[in-house]
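Undergrad: I'd like to go over a predicted model; first the sequence, then the structure.
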Amino acid sequence: MDNPAGLVAVRSVLAPEATVERVEAAIREKGLTLFARIDHSGGAAAAGLPLRFTQLLVFGNAKGGTPLMQSRQTIGIDLPLKLLVWQDEHGAVWVGWNDPVWLAARHGIADRPETVAALSAALSALAGNGVSPDF
């Protein structure tokens, strides 16, 4: 799969619905706030438009994102964090997210490497919960 700049994606061995459920459960288990679960494909279907499974989970906490906004408030456009689960044209299921390193560079944040690294590790771990029943 060819990813756009800044996008990290891992393939899931689970069905799309199971992938979302596992990631959502992992978000809650980590004590993060799930702000929204946006069903893009459901919205498309309601409008009479075809779209393969596509759901977005929006989540986070103030301790994770605020330090980055203290450095550069414009990163608030990219926060809270998001994970996208989608099924491609071949039936493969993916979990994708914006790379925090890319986000920090986009906003010119160089003074919070520990925060960026922690967010990167957290996103990888959360996504990992959705890609394999054995994670």
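TA: Structure received.

Undergrad: the strands in the chain, which residues?
TA: Assigned by DSSP state E, the chain shows strands spanning 7-12, 33-39, 54-60, 81-87, 93-98.

Undergrad: contacting residues around the most centrally placed residue in the chain?
TA: By Cα atoms, centre = their mean, the chain has its centre lying nearest to Leu83, at 1.7 Å. Leu83 makes contact with 23, 56-57, 59, 95-97, 123, 126-127, 130 under the criterion Cβ atoms under 8 Å, 6 or more residues apart in numbering. Backbone N, C-alpha and C define where each C-beta goes, glycine included.

Undergrad: Show me the shaky parts of this structure.
TA: Within the chain, the set of residues satisfying pLDDT under 70 comprises 1, 133-135.

Undergrad: Helices along that one, start to end?
TA: Secondary structure of the chain by DSSP state H: the helices cover 16-29, 40-46, 62-71, 100-106, 113-131.

Undergrad: Out of those helices, which gets nearest to Pro4?
TA: Among the helices of the chain, the nearest to Pro4 by Cβ to Cβ is helix 100-106 (10.2 Å).

Undergrad: buried sites along the closest one?
TA: Using 16 or more other Cβ atoms under 10 Å as the test for burial, helix 100-106 gives 100-104, 106.

Undergrad: Would you mind extracting the C-alpha trace of that helix into PDB?
TA: Extracted C-alpha coordinates of helix 100-106, given in PDB (Å, rounded to 0.1, in the frame of the first residue of the first chain):
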ATOM      1  CA  PRO A 100       3.400  12.300  15.500                       C
ATOM      2  CA  VAL A 101       7.000  12.900  14.200                       C
ATOM      3  CA  TRP A 102       5.500  14.200  10.900                       C
ATOM      4  CA  LEU A 103       2.900  16.200  12.800                       C
ATOM      5  CA  ALA A 104       5.600  17.800  15.000                       C
ATOM      6  CA  ALA A 105       7.700  18.700  11.900                       C
ATOM      7  CA  ARG A 106       4.600  20.100  10.100                       C
END
